[in-house]
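*Asks:* Kindly return the folded structure for what I paste below:
(2 chains)
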Amino acid sequence: MTQIKQTPTHCCSEVNNSNAYTLGPIEAGPPCCEPDPAIRVQNLTLSYGGQSALDNVSLDIYRGCITALIGPSGCGKTSFLSSINRLTDLIPNCTVTGKVEIENTDIHAADMDVQALRRRVGMIFQKPNPFPLSIRRNIQMPLREHGVKDRALLETKLQTALQDVGLWDEVKDRLDSSALSLSGGQQQRLCIARALALQPEILLMDEPCSALDPLSSAVVEDLILSLSGRYTVVIVTHNLAQARRIANYAGFFWAKERTGKLVEFGRCQQIFESPAHELTAAYVSGARG
Amino acid sequence: MSRSHVNKSHADDILRIALMSAAVLAVGVLLLILLFLVRESWPALQRIGLYRFVSDAGWHPLEGAFNLAPMLIATFAAALGAILIAGPIGIASAVFGRFYAPPVIAETFRRMVALLAGIPSVVFGLWGLTVLVPIIAKWQPPGASLLAGMLILAFMVLPTVALTADAALKAVPKQYLHGANALGISQAGLIFNVAIPAARSGLIGGILLATARALGETMAVLMVAGNVVQVPNSLFDPVRVLTANIALEMAYATTEHRSALFVSGLALMLLVVGLAAMAGKLGGRLHG
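*Replies:* Model (predicted):
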């Protein structure tokens, strides 16, 4: 618990600048300065048809902060992410044990509404995946599916979501053209807008920049940074420099005999500058991985 | 250049020529058939003229009346009816197989549909004649009717629709489905708002292909539709479709009558090839 008592670094300076936040409910606040877990994961173990992919992972993810999950390929980072919004339910032969609590609610409880859960926990994928529909329908269709019927409200939400990701000025004149006509970076920002339009509390991002060119990647990275404080962001990234630039907390995963384990978790600065575990030290310095 | 190298390139040449001949033959047959149809229908096109094929007093080829319109209408009506029945059922069954059925049932279902596609059309005709027609006759005599033709055609093209729809839905990129699931969209919302729009060109292609098949089908329709040359006033009127007309009359047709039958064959072929080409283009766009 020592790292929790440390003076937080960059997130608080942004919190004071209240104009920076136009998204999400203000009252939920960005209490990143006093870490308060939004997600509590206890003894999470995940296996695919008998092959264990993730072993006994426990960690707290703090509300309003950006938590980066780093580690080599195949160490269970994506599996971990998918078990937070129960996307693992859709994988045949995938079994998950352990406890995941979001705001003190067990997501594996029998009466859990999975669709409502996934509305609260948005997910951004490695490859931008806008639907083959118009830009407008990409944002509005999920809203309609979640019961927003009022046309004026749908239009407002469309504009707000696109403005929040800085896409509005680029696409406002062609909202009815196909989302697939956008560039890769624009598509990814559209996907983020699509998730934000549902007003989630948590955003899971699975290497959101890895399929983008450097310029688009920088734009998306700035966008993610701007989400800090308003949303609880969990981001998987292979880009260590990126993790270091944007994350408040970092978790380092390592696979042993194809089974992923959480080796170390702590403040981003601590993980990169004074890692407690020698594997972490080797990985972040580039000696292993 | 080593000897083996020479031999090898020689073998390559032979293979290339053999394969090319096969390809030329395949395309050549299509062109030859088209040429043959045009040649055989030419006398009728010249002496009777296109206009009389839709304006003559009726189809009395021995008395020089060559109105094909009633049979054209019957052909379109039967095909349209078949598609209206088989289209929704075929697509619905594919959606069930892809999104609701457990894998074992879905796979069994696919195999059975593929088997259905392999049943010879004359067997469909026999079944229609002995089962379907008597049932309709009990309800609205005479039984052999446009409705019987539509139903039998619907059964025959159902596998085409179901299998192409299944392939089109299978080709919908998984990332769309994952994206929809991650947004908490219901299964129904995912199907209607994501999967079907994404598979649309493949679905339409399948419908066109099925339409082409329904237009060109002869034997089963001939056995159940009653074969009276008339514009149907109701679903229960017996009708004769173009293909059945050719099959029924070719044996004794001579001169202009014979040539007129070739005209109807040419019209059918152009229609079916056109539809199939459109279907192929749509299917190609799906995968491209």
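*Asks:* export stretch B:230-242 as CSV, just CAs?
*Replies:* Taking Å, rounded to 0.1, in the frame of the first residue of the first chain, the C-alpha atoms of stretch B:230-242 are listed here in CSV:
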residue,chain,number,x,y,z
GLN,B,230,-53.1,-18.3,-69.8
VAL,B,231,-52.5,-15.2,-67.8
PRO,B,232,-53.4,-16.4,-64.3
ASN,B,233,-56.2,-14.6,-62.5
SER,B,234,-55.5,-16.3,-59.2
LEU,B,235,-53.0,-18.4,-57.5
PHE,B,236,-55.1,-21.5,-58.2
ASP,B,237,-55.2,-21.1,-62.0
PRO,B,238,-53.1,-23.6,-63.9
VAL,B,239,-50.3,-21.9,-65.8
ARG,B,240,-47.5,-22.8,-68.3
VAL,B,241,-44.0,-21.4,-67.8
LEU,B,242,-41.6,-20.8,-70.7
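*Asks:* Show me the contact partners of it.
*Replies:* Contacts made with stretch B:230-242 from outside it, assessed by Cβ atoms under 8 Å, 6 or more residues apart in numbering or on different chains, are listed as B:68-75, B:77-78, B:81, B:136, B:140-142, B:144-147, B:149-150, B:218, B:221-222, B:225-229, B:248, B:264-265, B:267-268. The way it works is simple: take the backbone N, C-alpha and C, and place the C-beta from them, glycine included.
*Asks:* How about the helix or strand of chain B with the lowest mean pLDDT and chain A, touching?
*Replies:* Here the helix or strand of chain B ranked lowest by mean pLDDT, DSSP states H and E is helix B:255-287, holding a mean of 82. No. Applying Cβ under 8 Å from any Cβ of the partner chain, one finds helix B:255-287 separated from chain A by no less than 10.8 Å.
*Asks:* Show me which of the contacts of stretch B:230-242 are buried.
*Replies:* The neighbour count (16 or more other Cβ atoms under 10 Å in any protein chain shown) marks B:68, B:70-75, B:77-78, B:81, B:136, B:144-147, B:149-150, B:218, B:221-222, B:225-227, B:229, B:264-265, B:267-268 as buried among those.
*Asks:* So which bits of chain B are right by chain A?
*Replies:* B:173, B:175-176, B:178-186, B:189, B:193-194, B:197-198.
*Asks:* Going through these, which ones are buried?
*Replies:* Among these, those classed as buried by neighbour count (16+ other Cβ under 10 Å) are B:176, B:178-185, B:189, B:193-194, B:197-198.
*Asks:* which phi and psi does A:K99 have?
*Replies:* Its backbone dihedrals place A:K99 at phi -120, psi 130, with angles given as degrees, to the nearest 10.
*Asks:* What residues does it make contact with?
*Replies:* Counting by Cβ under 8 Å, 6+ apart, A:K99 touches A:40-44, A:106, A:108.
*Asks:* I figured A:I66 hits A:R245, correct?
*Replies:* No. The pair A:I66 and A:R245 fails to qualify as a contact (Cβ atoms under 8 Å) at a distance of 10.0 Å.
*Asks:* Overlap of the contact sets of the two?
*Replies:* Taking Cβ under 8 Å, 6+ apart as the contact definition, A:I66 and A:R245 share the neighbouring residues A:L225.
*Asks:* what about the helices in chain A?
*Replies:* Listed from the start of the chain, chain A has helices (DSSP state H) covering A:2-5, A:10-16, A:77-84, A:114-120, A:135-145, A:151-164, A:168-171, A:184-197, A:214-227, A:240-246, A:268-273, A:278-284.
*Asks:* What of chain B?
*Replies:* Under the criterion DSSP H, helices of chain B are mapped to B:3-47, B:52-55, B:69-95, B:103-118, B:121-127, B:133-139, B:146-170, B:174-182, B:187-190, B:196-198, B:200-216, B:219-224, B:242-249, B:255-287.
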